[in-house]
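Novice: Sequence and computational prediction follow.
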Amino acid sequence: MLPAMPHDVRERFLAEPRVGVLGVADPRGGDRAPLVVPVWYGYEPGGEVVVETGRETAKARLLHAAGRFSLCVQDERRPYRYVSVEGPVTAVQDPVDPAVREALAHRYLDPDEARDYLAATAAQLHDDVVFRMRPQRWRTADFAAFAADFEGASEGAPGDVPDDAPGDAG
C-alpha cells in the first residue's frame, strides 16, 4: 500500500503552483485512450480546481461531454509525491473571468512575465472558458516515509568492512 498524505498536507500540496496533468474520457473512437494534457490550474484548500482552456478545443468539448475530469500533480524530486483528484464539473464560466485568468498567470509567472503574458494573450479573454471541478476522490502518495525505510539499508551489510576498521589498507 502506498503511503498516503494526511488531508491537510494533500490540500496544501495541490494548492502549490505545479503543472497539472488533466485527464478526461474521450469517446470519439473505440480505440482512443483518455485525453491527458498538461495544464495550469488553480486551487485553494477546501475549494474547487479551476482550469482555463480554449472554448473550441478538443479538451473543452470532452470536458463538456464527460462532465468530470481528473487532475494529477507531482513532485519529481525525491522522495516522490503526488496528488490526484477526480470529480464532477460544477461550473463552466464562458467567457473566462478576467480575474481568474490573471490569477492563473500570476500563479505560474513572476509579476513582469505575467503582465506581458496577459497583454500578449488578451484575445483569450474572449476565446477561453473556465471549468471548475469539485474534488470528489483523492489519491495521494508521499514516499518520504517509504524512502526512510530504505535509507542506509546497505550500510553495515554482512561482509562490508567500515573504512576505519583495523587492518584497512586504505
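Specialist: That came through fine.
Novice: Check the gap between the nearest residue to residue 103 once chain neighbours are set aside and residue 6 for me.
Specialist: Closest residue to residue 103 apart from its sequence neighbours, by C-beta to C-beta, 6 or more residues apart in numbering: residue 42 at 6.1 Å. (Each C-beta comes from the backbone N, C-alpha and C, glycine too.) Residue 42 sits 22 Å away from residue 6, taking C-beta to C-beta, to the nearest Å as the criterion.
Novice: Likewise for residue 130?
Specialist: For residue 130, the distance to residue 6 - C-beta to C-beta - is 30 Å.
Novice: neighbour-wise, which of those two wins?
Specialist: The neighbour count for residue 130 versus residue 6, taken as other C-beta atoms under 10 Å, is higher for residue 130 (19 against 10).
Novice: Look at the more buried one and give its secondary structure.
Specialist: Here residue 130 is recorded as strand under DSSP: H, G, I helix; E, B strand; the rest coil.
Novice: cool, residue 84 as well?
Specialist: Assignment for residue 84 (three-state DSSP): strand.
Novice: For it, name its beta-bridge partners.
Specialist: residue 72, residue 139 (DSSP bridges).
Novice: burial count for residue 101?
Specialist: 20.
Novice: actually residue 32, sorry about that
Specialist: Neighbours of residue 32 using other C-beta under 10 Å come to 10.
Novice: Quick check: closest non-adjacent residue to it.
Specialist: residue 26 is the one closest to residue 32 (C-beta to C-beta, 6+ apart), at 4.6 Å.
Novice: Now do the contacts for the residue nearest the centre of the chain.
Specialist: Residue closest to the average C-alpha location in the chain (C-alpha atoms, centre = their mean): residue 73, at 2.1 Å. Taking C-beta atoms under 8 Å, 6 or more residues apart in numbering as the criterion, residue 73 is in contact with 13-14, 16, 18-21, 82-84.
Novice: what about the helices in this structure?
Specialist: With helices called from DSSP state H, the chain shows them at 7-15, 58-66, 98-108, 111-120, 124-127, 144-150.
Novice: where in this structure is pLDDT low?
Specialist: Across the chain, the ranges flagged by pLDDT under 70 are 1, 145-170.
Novice: Mind doing that once more with 80?
Specialist: In the predicted model, the chain carries pLDDT under 80 at residues 1-2, 29-30, 145-170.
Novice: circling back to that earlier point, who's in contact with the residue nearest to residue 32?
Specialist: So residue 26 contacts 32-35, 62 (C-beta under 8 Å, 6+ apart).
Novice: coming back round to it: can I get the helices of the chain in TSV with distance to residue 135?
Specialist: TSV is the format used below for these (distance: least, C-beta to C-beta, whole Å):
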stretch	distance to residue 135
helix 7-15	8
helix 58-66	15
helix 98-108	18
helix 111-120	26
helix 124-127	26
helix 144-150	22
